[in-house]
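**Q** structure for the following, please:
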Amino acid sequence: MFCRIVDVSADRTDVFACAFIKNEAFLIRPDGLRRIVEIHDFFRFEVLIAKRRVCSAIPVLVLEGTITLLARLVSPIMTDMAIFHLSLIGSVLIFCVGVNLVWGKTIRVANMLPAVVLAVLAAYLPWTF
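**A** Here you go, the predicted model:
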C-alpha cells in the first residue's frame, strides 16, 4: 500500500510507503523500504546457505591447519634471504596473474610455479645474485 503525500513547502510530491504494525501507521521513505527488503533477503539467504557454509568450513580448517603445521616445521631452516626470495617470486607471480586478467592469457603462470622452489634453493647457494 502506498500513500501519496504532498510537500507544500517544496512544491514536490514524495511517495512514502505506509507500513502498518499493530494497527499503527508508519511512513517509510522508499530508500528505507528498500533497505528493509535487502536486510530481509540477506537473512533469508544466510539461513539457506548456512548448512553449506558449515560443511565447507571443515575442509578449509584441515587444509589451513596442515599448511600452518608444515610452516612450523620448515621455519627453523628458512633464513631471511630464503623468505626474501620466496616473497619476491610470489609477488612476480601475482603480478603475472594481474597481467593475465587485464590483457587475456598472455603469461602461463602455472609453468612458473617451480620458480618458488628454485628461489628458496637459490638462497642457500654460496654466492648471491
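
**Q** got the residue ranges for the helices in the chain?
**A** 30-74, 80-103, 114-122 (DSSP state H).

**Q** what mean pLDDT does stretch 73-86 get?
**A** For stretch 73-86, mean pLDDT is 90.

**Q** hey, C-alpha coordinates of that stretch in PDB?
**A** Extracted in PDB, the C-alpha atoms of stretch 73-86 (Å, rounded to 0.1, in the frame of the first residue of the first chain):
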ATOM      1  CA  LEU A  73      58.200 -27.500  10.700                       C
ATOM      2  CA  VAL A  74      60.100 -25.600   8.000                       C
ATOM      3  CA  SER A  75      60.600 -22.300   9.900                       C
ATOM      4  CA  PRO A  76      63.900 -23.300  11.600                       C
ATOM      5  CA  ILE A  77      65.600 -23.800   8.200                       C
ATOM      6  CA  MET A  78      64.200 -20.800   6.500                       C
ATOM      7  CA  THR A  79      66.600 -17.900   6.500                       C
ATOM      8  CA  ASP A  80      65.800 -14.200   5.900                       C
ATOM      9  CA  MET A  81      67.300 -14.500   2.400                       C
ATOM     10  CA  ALA A  82      65.100 -17.500   1.600                       C
ATOM     11  CA  ILE A  83      62.000 -15.700   2.800                       C
ATOM     12  CA  PHE A  84      63.000 -12.600   0.700                       C
ATOM     13  CA  HIS A  85      63.400 -14.700  -2.400                       C
ATOM     14  CA  LEU A  86      60.100 -16.500  -1.800                       C
END
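
**Q** hmm, back to that, could the helices of the chain go into JSON lines alongside mean neighbour count?
**A** All C-beta spots, glycine's among them, are computed from the backbone N, C-alpha and C. Shown next, in JSON lines, are the helices of the chain (neighbours: other C-beta atoms under 10 Å):
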{"stretch": "helix 30-74", "mean neighbour count": "10"}
{"stretch": "helix 80-103", "mean neighbour count": "13"}
{"stretch": "helix 114-122", "mean neighbour count": "14"}
